[in-house]
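*Asks:* please work out how this folds:
(one chain, ligands or ions: 1)
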Amino acid sequence: MNSPLEDADRKYIWHPFTQMKEWEQGHPVIIERGEGPFLISIDGQRYLDGVSSLWVNIHGHAKKEINDAITAQLGRIAHSTLLGLSNVPAIQLAERLADLLDPALSHIFYSDNGSTAVEVALKMAFQYWKHKGEDGRNSFLALNNAYHGDTLGAVSVGGVEIFHHAFGPLLFKTFRAPSPYCYRCELGRERAECDFACLDAMEEQMRGHQGGIAAVIVEPLVQAAGGMIVSPPGYLKGVRDLCTKYGILMIADEVATGFGRTGQMFACGHEGVVPDIICLSKGITGGYLPLAVTVTTDEVYSAFLGEFRDLKTFFHGHSYTGNPLGCAAALACLDIFEKEKVIEGLAPKVELFSKLLREMAGLQHVGDVRFRGLMAGVELVRDKATKEPYAWEEKIGWRVALKALEKGLFIRPLGNIIVLIPPLSITMDELRRMLGIIRDSIEEAL
Ligand SMILES: *Cc1c(COP(=O)(O)O)cnc(C)c1O
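*Replies:* The predicted structure follows:
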């Protein structure tokens, strides 16, 4: 029997990235509460949150310190604008983030989700060059398999064919470089001998369009929504070196990788890379409230300084920019990182996660297992020897996800790729349980 909530969901909610005809035929799991890494449905079922509520949750659900910080802020004020005013938590958070990031990144522009953080970065980079008198830099260089959000600017620099195809006519032109997807190298090379041929291809684009590219945008270390594609060590540093060599700005979209996911606070830290612009969102509030920042250098910021009549102002902003509740949650989230020594405590979890994932590589239909920190993708293939993929219409990932749900684990796959991004607070036992369920689900579904 359907509950009234279930009926109302079907009647009124249009779910994102969802074929609603299928949805209407199923029974939605309706979540009512959360507890640490668990989601609890209206009928009392507990599900391990294997994807951190779409990659946002960090310290678990219903974390007392974050709840308390939001409640305390709520007693003061819920929202006040940054257009013409400032507010206490927004100032405190900006200072904290600047301390956390490389000293070169110190000017913080607030928005409210990952896509807007990317829009801000693109417009900032574009306008920077106008102010520098370089009017020809009207394009960007992005990677195949990139995902930077769903607004049109972010889609223009995106490279996930299945999501972006329909919107082609609405998008601005973007130059492309190969994805560092070693399992299925676009250039047909093997990592052992390739000597970063993909970076050579990127350089060719830069050389060919010198003076036309405002910025290169990349997801450091992991192209997440494009299939949890983990770039080989040295790749990110290679991109930074090319940007420096050709005088092109580098935008690091750390919306997915930021706040500890890769084992360090920011993915760029693994290779000592300092981008010109960094985008942060998802984990910034611990997964509590929508908030984002785009952070840049003195060089970019100061190009926008001038007299009012010069029209160098950055004409961009959002209604909920610098929302005090979001900033209070983010401050509490950072406090927990410090107090609980979260980054320091990740090493054994990452080690266990890697070990269990490597073991999974032996399964018959597991073609590739890739991971960094607590982010992983398990690519399922029809034929391991030839790497023949399952046709996307077969919804192989979903078949595994459905099995996992029956066993008490919620995941959301990307096509044939099983995605695992647990909250950083997950325990070793819960990690073992999660990977065990995945293993069984793959064996049963295929
Ligand atoms: C999720 C994501 C975005 C978009 O963030 P939204 O908050 O969903 O708009 C942008 N970039 C990357 C790398 C992401 O993973």
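*Asks:* what about the strands in the stretch 201-350 of the chain?
*Replies:* Secondary structure of the stretch 201-350 of the chain by DSSP state E, counting those that start in this stretch: the strands cover 213-218, 222-223, 229-230, 249-253, 277-280, 292-296.
*Asks:* work out the gap between the first one and the centre of the chain.
*Replies:* In this case it means strand 213-218. 18 Å (Cα atoms, centre = their mean, to the nearest Å).
*Asks:* and what of the third one?
*Replies:* Between the centre of strand 229-230 and the centre of its host chain there is 12 Å, according to Cα atoms, centre = their mean.
*Asks:* pLDDT of stretch 362-379, averaged?
*Replies:* Mean pLDDT, stretch 362-379: 97.
*Asks:* which parts of it are buried?
*Replies:* 363, 365-379 (16 or more other Cβ atoms under 10 Å). Where C-beta positions appear, they are placed from N, C-alpha and C, glycine not excepted.
*Asks:* and which of those is nearest to the ligand?
*Replies:* The closest of the buried residues of stretch 362-379 to the ligand turns out to be residue 375 (Cβ to the nearest ligand atom; 10.3 Å).
*Asks:* surely the closest one and residue 421 touch.
*Replies:* Yes. Shown here, residue 375 and residue 421 form a contact pair, counting by Cβ atoms under 8 Å, at 5.2 Å.
*Asks:* circling back: so which of the buried residues of stretch 362-379 are in strands?
*Replies:* 366-372, 375-379 (DSSP state E).
*Asks:* please identify which of the residues you listed is nearest to residue 225.
*Replies:* residue 377 (10.5 Å; Cβ to Cβ).
*Asks:* okay, the residue nearest the centre of the chain: pLDDT?
*Replies:* Central residue of the chain (Cα atoms, centre = their mean): residue 256, 1.9 Å from the mean position. Here the pLDDT value assigned to residue 256 is 98.
*Asks:* ok, it - contacts?
*Replies:* Residue 256 makes contact with 55, 114, 219, 222, 224-225, 282, 375, according to Cβ atoms under 8 Å, 6 or more residues apart in numbering.
*Asks:* go back to these and keep what's next to the ligand.
*Replies:* Of the residues in the contacts of residue 256, proximity to the ligand by Cβ under 6 Å from any ligand atom holds for 114, 219, 224-225, 282.
*Asks:* of those, closest to residue 16?
*Replies:* residue 225 (12.5 Å).
*Asks:* name the nearest residue to the closest one, sequence neighbours excluded.
*Replies:* In this structure, residue 225 finds its nearest non-sequential neighbour in residue 147, 3.5 Å apart by Cβ to Cβ, 6 or more residues apart in numbering.
*Asks:* identify all contacting residues around the lowest-mean-pLDDT helix or strand in the chain.
*Replies:* For the chain, the helix or strand with the lowest mean confidence is helix 161-164, at a mean of 82 (criterion: mean pLDDT, DSSP states H and E). For helix 161-164, the surrounding residues in contact (Cβ under 8 Å, 6+ apart) are 17, 147, 150, 155, 158, 171, 392, 415.
*Asks:* what do you get for stretch 194-210?
*Replies:* When contacts are defined by Cβ under 8 Å, 6+ apart, stretch 194-210 is touched by residues 139, 141, 175-180, 185-187, 189, 213, 216, 234-235, 238-239, 242, 245-246, 248.
*Asks:* domain assignment for the chain?
*Replies:* Domain segmentation of the chain under automatic domain parsing yields 4-58+343-445, 68-339.
*Asks:* quick check: the gap between the closest residue to residue 5 other than its chain neighbours and residue 12.
*Replies:* Nearest residue to residue 5, sequence neighbours excluded (Cβ to Cβ, 6+ apart): residue 30, at 5.6 Å. Going from residue 30 to residue 12 by Cβ to Cβ, to the nearest Å gives 13 Å.
*Asks:* same thing with residue 32?
*Replies:* Distance, residue 32 to residue 12, using Cβ to Cβ: 18 Å.
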